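Participant: Model the structure of this input:
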Amino acid sequence: MNYFVSVRSMQYEIVCGIDPGLVHTGYAVIQKNTGHAHSATALAEPLCSGVLTPDRADTVIDRLLFLAAGINEIANGCGVTHICMESVFINPNRTNAAANLKLAMTRGALMVSCMGGNHNHGGHNKQFDDAPISEAQEAITEQHASQEDAPVRKAQAPRSFTELAPTSVKQAITGKGRATKIQVAAALPFHLPGIDVVGLRADETDALAIALAYILLTGGQRR
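Facilitator: Residues are numbered from 1 along each chain as shown. All right, here's what the predicted structure looks like:
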């Protein structure tokens, strides 16, 4: 994970851009700089970014839980107020049904996890895999009873969510709706002075672009 600056007061809008994928999920948390609302080159500053990579040997469920828990922890830890992803474009002439299904599952898991506040799943509970229904119900009851004595974490306020078209993200960052990923990454330092994109995975730079595009297109106003 790349940390850039410390998280400030909740009066700032803090946006988490997510580039979802079952193999690699890029994320980036950016905060609007309210002191420079009219300066495009100082409109926002990055708080952290990185890539979540689940173990490919794990089941799909375990990988989804890993990604959901990771994004939820990041969103809660950074005080994220808004989640943003790119809308999905499916080319009917080049459709991979299996890949599209995995992407849809990943997007859904991430949305549910980070939109409702603290939902920290500890991973797939294999204790219930082969247990009869009655035993599983008993185990769940015991698990809930033990959680009642545990310290209660204050739930985060509900977050808002936006989908941006890929062309809108590219247009906002580079001025060209058909820009390449390389061009988008190269334009990020113009909007985020001091950021170094050299060596970053495309998943991470895409997430940075998504979060930044939301701030550029909306002015970062709380809704």
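Participant: how much space between the closest residue to Pro189 other than its chain neighbours and Arg201?
Facilitator: Of all residues not flanking Pro189 in the chain, Ile195 sits nearest, at 5.4 Å (C-beta to C-beta, 6 or more residues apart in numbering). (C-beta placed from N, C-alpha, C; glycine too.) Distance of Ile195 to Arg201, computed by C-beta to C-beta, to the nearest Å: 14 Å.
Participant: if I read this right, the residue nearest to Pro189 contacts Ala185, doesn't it?
Facilitator: No - between Ile195 and Ala185 there is no contact under C-beta atoms under 8 Å: 10.2 Å.
Participant: which of those two has more neighbours?
Facilitator: Neighbours were counted for Ile195 and for Ala185 using other C-beta atoms under 10 Å; Ala185 has more, 22 against 18.
Participant: Mind checking what secondary structure that one has?
Facilitator: helix (DSSP: H, G, I helix; E, B strand; the rest coil).
Participant: what's the neighbour count on the nearest residue to it once chain neighbours are set aside?
Facilitator: Leaving aside its chain neighbours, Ala185 sits nearest to Thr205 (4.0 Å; criterion: C-beta to C-beta, 6+ apart). Counted with other C-beta under 10 Å, the neighbours of Thr205 add up to 24.
Participant: wait, is Thr205 part of a helix?
Facilitator: Yes - counting by three-state DSSP, Thr205 is part of a helix.
Participant: How much space separates it from Gly194?
Facilitator: Thr205 is 15 Å from Gly194, by C-beta to C-beta.
Participant: show me the contacts for the nearest residue to Ala179 once chain neighbours are set aside.
Facilitator: The shortest distance from Ala179 to any non-neighbouring residue, by C-beta to C-beta, 6+ apart, is to Lys170 (4.4 Å). Contacts here follow C-beta atoms under 8 Å, 6 or more residues apart in numbering; on that basis Lys170 touches 176-179, 183-184, 209.
Participant: Those, buried ones only, as a ChimeraX selection?
Facilitator: Buried subset of those, written as a ChimeraX selection, criterion 16 or more other C-beta atoms under 10 Å:
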select :179,184,209
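Participant: Find the pair from the contacts of Lys170 with maximum spatial separation.
Facilitator: Arg178 and Ala209 (14.2 Å; C-beta to C-beta).
Participant: secondary structure element for Gly21?
Facilitator: Secondary structure assignment for Gly21, by DSSP states H and E: no helix or strand.
Participant: Surely it is in contact with Ala202?
Facilitator: No - with contact defined as C-beta under 8 Å, Gly21 does not count as touching Ala202 (10.4 Å).
Participant: Those two - which one has more neighbours?
Facilitator: Each of Gly21 and Ala202 has its neighbours counted (other C-beta under 10 Å); Gly21 has more, 20 against 16.
Participant: quick one: contacts for that one?
Facilitator: Contacts of Gly21 by C-beta under 8 Å, 6+ apart are 103, 106, 203.
Participant: in the sheet, who's paired with the closest residue to Leu208 other than its chain neighbours?
Facilitator: Nearest non-adjacent residue to Leu208, counting by C-beta to C-beta, 6+ apart: Ala28, 4.1 Å away. Under the criterion DSSP bridges, Ala28 forms beta bridges with Gly17, Ser49.
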